[in-house]
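In: Got a sequence here, can you build the structure:
(chains A and B)
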Amino acid sequence: MISANLLAIFYLISGILFILALRGLSSPETSRQGNLFGIIGMAIAITVTFLSIDNFSSGFLYVILFLLIGGSIGAFIAFKIPMTAMPELVAGFHSLVGLAAVFVAISAFISPDVFNLGSSGNIKLASLIEMSIGAAVGAITFSGSIIAFLKLRGLMSGSPITFPGQHILNLLILISIIILTYFLCLNQSPNFFWSLIAISFLVGFLLIIPIGGADMPVVISMLNSYSGWAAAGIGFTLENTALIITGALVGSSGAILSYIMCKGMNRSFFNVILGGFGGTDQTSSKTSKEQKPVKSGNADDAAFLMKNASSVIIVPGYGMAVAQAQHALREMVDSLKKNGVKVSYAIHPVAGRMPGHMNVLLAEANVPYDEVFELEEINNDFANCDVAYVIGANDVTNPVAKTDPQSPIYGMPVLDVEKSKSVLFVKRSLSPGYAGIDNDLFYRDNTLMLFADAKKMTEDIIKNL
Amino acid sequence: MEIDPFIFRLSIFILSIFVGYYVVWSVTPSLHTPLMSVTNAISSVIIVGAIIASLAGTNLSIFNQSSIFGFLAIVLAAINIFGGFLVTQRMLAMYKKKKKDKK
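Out: Take a look at the predicted model:
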């Protein structure tokens, strides 16, 4: 049994350890230590919570039991999950945080006396507002993340689902949430509380269905942010510093990531959230259907070009993740290096399905992180490079973004792949990418298309090196 | 005149947003995926609320309406804590520097 003041100080310490955990991620060297800080912070928070409980009822055993059940499930998932499935795993984890926030809010609503929030039906107004926010945001996070998970996992079509009046409907529902919260505060009727949660679930669902697959980096970051705000809302209800600090950290982290992702696509946050981008019904895809000459080659040509190059830049994209080509790619780079070729990797901020997706996959394939560069760091190097090897990326290399103001991706920062002496573009067909527009790069004189599966083509090139 | 404790918590909250803002901007873009998984793990500190909720019952009735929600929340948060930290650890272990003398 420890005093309330001491308890608050321990929660503050775990909050600080969480800050240090994020701080550690500023470089790969300090990151592992940072993660350890996070674990210690969590251990402190849980331990002192146990110590703060004065009547050790037999319920305590169940707490340990359920903790171990959840922990084993989590550990099992963490060890089993392939790195390519990381986006859906993160989405899945977000949904759990959201649902946990909802459950804690429900529990606090049913028996507020346990949390010192007043008595049932007579909860302090501030607490009631805080728990409503926590519950509503948590519910939105939960159902939104479930949809994101289904889309990323491929269990649901990645194309946007839109219907007329969608935005009006969303707006009306959001207004009804505010009205419900108002009435809930007025008479504390459980009916209002349950409706509030139910409607919030609906919002999360409606909010994410119109957003297409390649916009998922923004969605995941946004849901990350929401899960933080939900935790902060509960933190205010429970008057818990650790939870408030963490909620604020996670909330701002997710918000910054969403901002970086939107900037990487040169689209406003609202443009992404309102959705409908990149559907199969894009008009521009049909306009230029006249046959333009395309040069295509085979693995032998590609191997010859790269073997005789002095520098090669690899541009990976989502296609590499789908084909699981990262290991083959690393092998190819190893043999190139043996031939004295300088190789680096160029990563576009929105390559893949979540922030940093490509970096993790390359790290998994044992690519040293100091060979991997961000767009701003490497973009000037394309002009001096002999071969750019584009594997599974498309829209992020399209020069149209720099030249054609009519194009939907105009203004988006792109990798200046076309400036290199020759471009090897691994792709299964000439079909347009996510934005639904033709890639001008395919028809350039210095582009050689390699029509094949990313992994198979890379393996074939290795054989020819 | 006394200051409502809420204001103190609000101050902590707002200052933490600023701390978060600066700390997260300093995160290297190549570690954005581990950032997401670790934020996932730490936001599950919501488990402290779940623990308090789950002990709402008495010795006679461990499982009452509100403690059941508490227990459910414990399971969910524990999945996230263990899963989040371990998967972050697994990812971070993969980030290696170039060997000094490569041959």
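
In: residues in contact with the one helix or strand A:K463 maps to?
Out: Here A:K463 sits within helix A:454-464, counting by DSSP states H and E. Under the contact criterion CB atoms under 8 Å, 6 or more residues apart in numbering or on different chains, helix A:454-464 has outside partners A:298-300, A:302-304, A:306, A:319-320, A:322-325, A:328-329, A:331-332, A:335, A:391-392, A:426, A:450, A:452. C-beta coordinates here come from the backbone N, C-alpha and C atoms, glycine included.

In: who's in contact with the lowest-mean-pLDDT helix or strand in chain B?
Out: Taking mean pLDDT, DSSP states H and E as the measure, helix B:47-54 is the helix or strand of chain B with the lowest mean score, a mean of 90. Here helix B:47-54 makes contact (CB under 8 Å, 6+ apart) with A:11, A:45-46, A:49-50, A:53, A:59, A:62-63, A:66-67, A:100, A:103-104, A:107-108, A:111, A:114-115, A:234, A:237-238, A:240, A:242-243, B:66-67, B:69-71, B:73-74, B:77-78, B:81.

In: Show me which positions of that helix end up buried.
Out: Going by neighbour count (16 or more other CB atoms under 10 Å in any protein chain shown), the buried part of helix B:47-54 is B:47-54.

In: ok, now stretch A:311-331?
Out: Going by neighbour count (16+ other CB under 10 Å), the buried part of stretch A:311-331 is A:311-323, A:325-331.

In: Give me the subset of those lying in helices.
Out: A:318-323, A:326-331 (DSSP state H).

In: Please list which of those also come close to chain B.
Out: Near chain B, taking CB under 8 Å from any CB of the partner chain as the test, no member of those is found.

In: would JSON lines of the residues you listed with pLDDT be doable?
Out: Listed next are those as JSON lines, based on pLDDT from 0 to 100:
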{"residue": "A:Y318", "pLDDT": "88"}
{"residue": "A:G319", "pLDDT": "87"}
{"residue": "A:M320", "pLDDT": "91"}
{"residue": "A:A321", "pLDDT": "89"}
{"residue": "A:V322", "pLDDT": "87"}
{"residue": "A:A323", "pLDDT": "88"}
{"residue": "A:Q326", "pLDDT": "91"}
{"residue": "A:H327", "pLDDT": "92"}
{"residue": "A:A328", "pLDDT": "93"}
{"residue": "A:L329", "pLDDT": "93"}
{"residue": "A:R330", "pLDDT": "93"}
{"residue": "A:E331", "pLDDT": "92"}
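
In: mind listing what whichever residue of chain A sits closest to chain B touches?
Out: Closest to chain B within chain A is A:G70: 2.7 Å, counting by CB to the nearest CB. By CB under 8 Å, 6+ apart, the contact list for A:G70 reads B:74-79, B:81-82.

In: So which of the residues you listed reach chain A?
Out: Answer for these near chain A (CB under 8 Å from any CB): B:74-79, B:81-82.

In: just curious, which of those is nearest to A:I146?
Out: B:L76 (13.1 Å; CB to CB).

In: could you say which helix or strand contains A:P87?
Out: For A:P87, the host element (DSSP H and E) is helix A:86-110.

In: And for B:S67?
Out: According to DSSP H and E, B:S67 maps onto helix B:65-92.

In: Check A:L12 too.
Out: A:L12 belongs to helix A:4-24, assigned by DSSP H and E.

In: Correct me if wrong: A:A136 contacts A:I177.
Out: Yes: using CB atoms under 8 Å, A:A136 is in contact with A:I177, at 5.9 Å.

In: Now do the shared contacts for these two.
Out: With CB under 8 Å, 6+ apart as the test, A:A136 and A:I177 both reach A:196, A:200.

In: more crowded one of the two?
Out: Neighbours per residue, other CB atoms under 10 Å in any protein chain shown: of A:A136 and A:I177, the larger number sits with A:A136, 27 against 21.

In: how near is the more buried one to A:L184?
Out: As judged by CB to CB, to the nearest Å, A:A136 and A:L184 stand 10 Å apart.

In: any residues in contact with both of the two?
Out: Residues touching both A:A136 and A:L184 by CB under 8 Å, 6+ apart: A:L196.

In: In chain A, mark out all the strands, start to finish.
Out: With strands called from DSSP state E, chain A shows them at A:118-119, A:122-123, A:311-316, A:342-347, A:372-374, A:387-391, A:422-427, A:447-451.

In: Name the nearest residue to A:E88, ignoring sequence neighbours.
Out: The shortest distance from A:E88 to any residue other than its chain neighbours is 4.0 Å, reached at A:L152 (CB to CB, 6 or more residues apart in numbering or on different chains).

In: what do you get for B:A50?
Out: Using CB to CB, 6+ apart and skipping residues adjacent in sequence, the residue nearest B:A50 is B:A73, 3.6 Å away.

In: Could you tell me the per-residue confidence at that neighbour?
Out: B:A73 is assigned 95 on the pLDDT scale.

In: Report the contact partners of it.
Out: The contact partners of B:A73, by CB under 8 Å, 6+ apart, come to A:99-100, A:103-104, A:107, B:46-47, B:49-50, B:53-54.

In: which one of these sits closest to A:F163?
Out: Once CB to CB is applied, the member of the contacts of B:A73 that ends up nearest A:F163 is A:L99, at 26.8 Å.

In: Can you give me the neighbour number for A:S95?
Out: Residues contacting A:S95 under the criterion other CB under 10 Å number 24.
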